[in-house]
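Student: Here's a sequence, model it:
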Amino acid sequence: MDILVLLKQTFDTEERITVENGKVKEDGVRFVINPYDEYAVEEAIRLKEEHDGTVTILSIGPSRTEEAIRTALAMGADEAVLADDESLFGDEYTAAKVLAAMVKVRNYDLIIGGNQAVDDGSGQVAVRLAEELGIPHISTLTKLEINGTEVVGHRDAEGDVEVVTATLPVLVTAQQGLNEPRYPSLIGIRKAGKKPLTHVTAADLRLSPEDLTARTEIVETYLPKPKEAGRILQGEMNDQVKELVHSLTNVEKVVG
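Tutor: The predicted model follows:
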């Protein structure tokens, strides 16, 4: 079984986010595999161990992304491809186009990605990629079973479980609870440095500027306002209700 894993490098979730001149400051920040993608890597390796085959990591990002990729290789993935050409960086639309170009030149039975990235939280890239490839997808999986060419996915459905079936090839996305990612072993870390890591450019992928033009624009990046102490309303109930409505409408402006 040939499995492709979509991987993004993101801030460590324990890092303190700082915005400077309208951009998130990256100096001194620790980067890791996006946690949802880590579930995807683990699931791919488990399936490889069960069904034999290969696991290939596909990623888009700057050269520092190599660190996250090497971690995935140390966990047990076989090889990786990194699109680190800056002209390939854009929005979710761009990422799906780039990944589709990377996928179309490879053999695959299954594509696994994280349900979302913890930095932007859009949850769009994997679904867009499935659309680009013309294959079905099953999202937010908490359990995955593969029997021959049949795929059975148990997905999180707002506190309930929905069971969905499909046929290979298919794209699935991993949700928390799908598995418990392993720690790379010392031997795995040593082997990771010798595993193939290919770098690709826009020219390699034969993508035009039109293919790479972002469809969205970030207007502003800012931190949420510091939380203020709550207020306890006093007086008769009717007066409290009036004060609450006035505050929500004219002060907090959360009610139109």
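Student: what's the closest non-adjacent residue to Asn107?
Tutor: Asp2 (5.1 Å; C-beta to C-beta, 6 or more residues apart in numbering). For every residue, glycine as well, the C-beta is placed using N, CA and C.
Student: give me every residue that touches Thr216.
Tutor: Asp91, Glu92, Tyr93 (C-beta atoms under 8 Å, 6 or more residues apart in numbering).
Student: I'd guess the last one is in a helix, am I close?
Tutor: In other words, Tyr93. Yes. Checked against DSSP: H, G, I helix; E, B strand; the rest coil, Tyr93 lies within a helix.
Student: Please verify my assumption that it contacts Arg215.
Tutor: Yes. Between Tyr93 and Arg215 there is a contact under C-beta atoms under 8 Å: 4.3 Å.
Student: These two: which has the busier surroundings?
Tutor: Tyr93 (18 against 9; other C-beta atoms under 10 Å).
Student: Can you check what pLDDT the model gives that one?
Tutor: According to the prediction, Tyr93 has pLDDT 95.
Student: Grab the longest strand from the chain for me.
Tutor: strand 137-147 (DSSP state E).
Student: Now do the strands in the stretch 151-256 of the chain.
Tutor: 160-167, 170-174, 197-200 (DSSP state E, counting those that start in this stretch).
Student: so which of the ones you listed gets nearest Asn250?
Tutor: Nearest to Asn250, of all these, is strand 160-167, at 39.6 Å by C-beta to C-beta.
Student: in its sheet, what does the closest one sit against?
Tutor: Applying DSSP bridges, strand 160-167 is found paired with strand 150-157 (antiparallel).
Student: now the strand it pairs with against strand 170-174, angle please.
Tutor: Interaxial angle of strand 150-157 relative to strand 170-174 (axes from the mean of the first three to the mean of the last three C-alpha atoms, to 10 degrees): 40 degrees.
Student: May I have the phi/psi pair for Ile112?
Tutor: phi -120, psi 130 (degrees, to the nearest 10).
Student: Specify the beta-bridge partners of it.
Tutor: Val5, Val172.
Student: who are the neighbours in contact with it?
Tutor: Ile3, Leu4, Val5, Leu6, Ala40, Glu43, Ala44, Leu171, Val172, Thr173, Ala174.
Student: what does Ile135 give?
Tutor: Ile135 neighbours (C-beta under 8 Å, 6+ apart): Ile111, Pro169, Val170, Leu171.
Student: again, but for Pro196
Tutor: Asp78, Glu79, Ala80 are the contacts of Pro196 under C-beta under 8 Å, 6+ apart.
Student: next one: phi and psi at the second one?
Tutor: Here the main-chain torsion angles of Glu79 (degrees, to the nearest 10) amount to phi -160, psi 170.
Student: just checking, it touches Thr56?
Tutor: Yes. Here Glu79 reaches Thr56: they are 5.3 Å apart, a contact under C-beta under 8 Å.
Student: What is the longest helix along the chain packed up against?
Tutor: Counting residues, the longest helix found in the chain (DSSP state H) is helix 35-51. With contacts taken as 3 or more C-beta pairs under 8 Å, 6 or more residues apart in numbering; DSSP states H and E, helix 35-51 sits against strand 2-7, strand 54-60, helix 65-75, strand 110-114, strand 137-147, strand 170-174.
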